[in-house]
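Chemist: coordinates for the following, if possible.
(one chain, ligands or ions: 1)
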Amino acid sequence: MASRDSASSGDPFASIRAGTLTHLRKHGCHCYPFFDGSLLGVIAGAARALRIVELGTALGYTACWFAHGAPDARIDTIDFDPEHVRLARTNIEAAGFAKRVTLHEGAFDDVLPKLKPGYDVGFFDGFDPTLRNLKELRTLLRPGGVLITTNLNFGSEARSYRERLSDSKQWRTTFAAEDGRTAISIKI
Ligand SMILES: C[S@@+](CC[C@H](N)C(=O)[O-])C[C@H]1O[C@@H](n2cnc3c(N)ncnc32)[C@H](O)[C@@H]1O
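Modeler: The predicted structure is shown next:
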């Protein structure tokens, strides 16, 4: 699972992260990996998560961190790029998480309505967050569940998305991560 490089960096999945950067440079597919998977692992572990839903698998870096940080959790992760799903499957299997991580190949809007509510943690890491994504993630999360949203500086709906997360009747939110580009919210 861990290469010598990843062991020295303290990130057991650093080789998947590095592989994702190599892949995107070759293919220009903009699948930038999250800046530090350990934040996700710690949040999922602190929440004692049993069910996690992830939007944007890329090559499996963050799915592996969720599985590592929350050892009792099952993770549903979604991506519409068949090559990403293929590479992620290989990486997730090699990391030993194949039994707990389900890869759904398809668009977020098609897959999310098919999932059963009651998730402890939701993670949006697609290209640009939409209000539809937010509505569906809110439906899927249990009260008290944690939503992590990246890329809040991208897309035409990011501003409205931030405003919704700032509604204290619905969410308790901090924009502390990644200079405010990533929000961490609790569903009220
Ligand atoms: C930023 S990357 C995810 C990075 C990954 N979480 C990590 O840290 O390694 C975004 C991924 O979302 C996928 N994606 C973007 N929009 C999507 C959509 N509407 N439906 C399904 N997958 C989508 C892309 O194919 C890409 O692999």
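Chemist: where in the chain is pLDDT low?
Modeler: Along the chain, segments meeting pLDDT under 70 span 1-8.
Chemist: contact residues of it facing the ligand?
Modeler: The chain comes close to the ligand at residues 20, 31-34, 56-59, 61-62, 78-81, 84, 107-108, 125-127, as judged by CB under 6 Å from any ligand atom. In this view, the C-beta of every residue, glycine as well, is placed from N, C-alpha and C.
Chemist: now intersect those residues with the strands, please.
Modeler: Counting by DSSP state E, the residues of the chain next to the ligand place 78, 79 in strands.
Chemist: from the residues of the chain next to the ligand, list the buried ones, please.
Modeler: In these, burial by neighbour count holds for 20, 31, 33-34, 56-59, 61-62, 78-81, 84, 108, 125-126, counting by 16 or more other CB atoms under 10 Å.
Chemist: restricted to helices, list those residues.
Modeler: 20, 61, 62, 84, 108 (DSSP state H).
Chemist: which residues touch stretch 151-158?
Modeler: Residues outside stretch 151-158 that contact it (CB atoms under 8 Å, 6 or more residues apart in numbering): 124-131, 161-162, 175, 180-183.
Chemist: enumerate the positions of that stretch that are buried.
Modeler: Result for stretch 151-158 [16+ other CB under 10 Å]: buried residues 151, 152, 157, 158.
Chemist: I'd like the distance from it to the chain centre, please.
Modeler: 16 Å (CA atoms, centre = their mean, to the nearest Å).
Chemist: in this protein, where's the longest strand?
Modeler: Longest strand of the chain, by residue count under DSSP E: strand 141-149.
Chemist: report the angle between the helix or strand that it is followed by and strand 141-149.
Modeler: Heading C-terminal from strand 141-149, the first helix or strand you meet, by DSSP states H and E, is helix 158-165. If you take axes from the mean of the first three to the mean of the last three CA atoms, to 10 degrees, helix 158-165 sits at 140 degrees to strand 141-149.
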